[in-house]
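In: quick one, structure for this:
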Amino acid sequence: MPAVLFDLDGTLHDRATGLKAFAQAQGREIGLDGCDHEQFVRRFIELDARGYVHKELVYSTIAEEFRLGPSATVSGLVDSYLSTFAQFAVEMDGATRVLEQLKNRGFKLGIVTNGRTALQTSVIQRLGFDSFTDGIAISEQVGAKKPDGRIFRHALHLVGGVAGSTIMIGDDFEADVRGAHAAGIRSVLFKGQHRSPATGAAMTMEEALDAVVTVLMQPAS
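Out: Next up is the predicted model:
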């Protein structure tokens, strides 16, 4: 049975849009307004670096730069992020529709994502992706993060797939494309600039759906 594995943030989940909305809400909660509020939102997004920087470090820098009072502690801000960020989650345009179409065609579906288990699980559930997936591999829970091939092999086990008939779709060239290839899985690079050595490329969810079919028709190397 063919399988498709999806990255979460930046692929199924429009994290950039949700993060901005979260930062705007948190800035208001802290009590910032006007230029301070706008600067807080911009700086938070910059320091977050697409999720690659630990929030403890992000908020330590924020607290120092904005001279936040004792009521806005680093630990409190981190807890607020972890507990409320999922409320601002937005799906990538067409994500649910593509998952539904693949499921109806008989594909096994999985999600492979780096991050904290509770946070990523809450985002997945908030967007309803768990109703389509046969398995979810989250780095904190697995004990290996992309591009480590182990997390991809774990995902294959969860969905009951085999590498030769599985496609990985993700937006990060190193983590998703190289990581998938390390596990013998072909890939579709989503909204990426590097097209090689990805097997396929797509700029929209609809293109990703077409790319899955095209790639599966190609013989596995």
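In: report the contact partners of Val98.
Out: Applying Cβ atoms under 8 Å, 6 or more residues apart in numbering to Val98 gives the contacts 205-206, 208-209. No exception for glycine: its C-beta is placed from N, CA and C like everyone else's.
In: tell me where this protein has helices.
Out: Per DSSP state H, the chain carries helices over the ranges 15-30, 34-48, 55-65, 74-84, 95-104, 117-127, 139-142, 149-159, 179-182, 205-217.
In: just checking, what packs against the third one?
Out: Counting contacts by 3 or more Cβ pairs under 8 Å, 6 or more residues apart in numbering; DSSP states H and E, helix 55-65 is packed against helix 34-48, helix 74-84.
In: can you rerun that using 10 Å?
Out: Here helix 55-65 touches helix 15-30, helix 34-48, helix 74-84, going by 3 or more Cβ pairs under 10 Å, 6 or more residues apart in numbering; DSSP states H and E.
In: same check, this time on the last one
Out: The contact analysis (3+ Cβ pairs under 10 Å, 6+ apart) places helix 205-217 against strand 3-6, helix 95-104, strand 166-170, strand 186-190, strand 200-202.
In: next, format the ones you listed as TSV and append mean pLDDT.
Out: TSV is the format used below for the helices and strands packed on helix 205-217 (pLDDT from 0 to 100):
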stretch	mean pLDDT
strand 3-6	98
helix 95-104	97
strand 166-170	97
strand 186-190	94
strand 200-202	89
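In: with distance to Glu29 added, can I get the ones you listed in TSV?
Out: Shown next, in TSV, are the helices and strands packed on helix 205-217 (distance: least, Cβ to Cβ, whole Å):
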stretch	distance to Glu29
strand 3-6	32
helix 95-104	29
strand 166-170	32
strand 186-190	33
strand 200-202	37
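In: since we're on Pro42, how many residues are nearby?
Out: Not Pro; residue 42 is Arg. Residues lying near Arg42 (other Cβ atoms under 10 Å) number 12.
In: so it makes contact with Leu19?
Out: No. Assessed by Cβ atoms under 10 Å, Arg42 is found out of contact with Leu19, at 11.7 Å.
In: the helices of the chain: which one's closest to Phe190?
Out: Checking these against Phe190 by Cβ to Cβ gives helix 205-217 as the closest, at 5.9 Å.
In: what comes up buried for that closest one?
Out: 205, 207-209, 211-212, 215-216 (16 or more other Cβ atoms under 10 Å).
In: can I get it as PDB, trimmed to CA atoms?
Out: Extracted as PDB, the C-alpha positions of helix 205-217 are listed here (Å, rounded to 0.1, in the frame of the first residue of the first chain):
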ATOM      1  CA  MET A 205      -1.100  21.500  -2.000                       C
ATOM      2  CA  GLU A 206      -2.800  20.700  -5.300                       C
ATOM      3  CA  GLU A 207       0.600  20.500  -6.900                       C
ATOM      4  CA  ALA A 208       1.800  18.300  -4.100                       C
ATOM      5  CA  LEU A 209      -1.000  15.900  -4.800                       C
ATOM      6  CA  ASP A 210      -0.100  15.700  -8.500                       C
ATOM      7  CA  ALA A 211       3.600  15.300  -7.600                       C
ATOM      8  CA  VAL A 212       2.800  12.200  -5.400                       C
ATOM      9  CA  VAL A 213       1.300  10.400  -8.400                       C
ATOM     10  CA  THR A 214       4.100  11.400 -10.700                       C
ATOM     11  CA  VAL A 215       6.800  10.400  -8.300                       C
ATOM     12  CA  LEU A 216       5.200   7.000  -7.600                       C
ATOM     13  CA  MET A 217       5.100   6.300 -11.300                       C
END
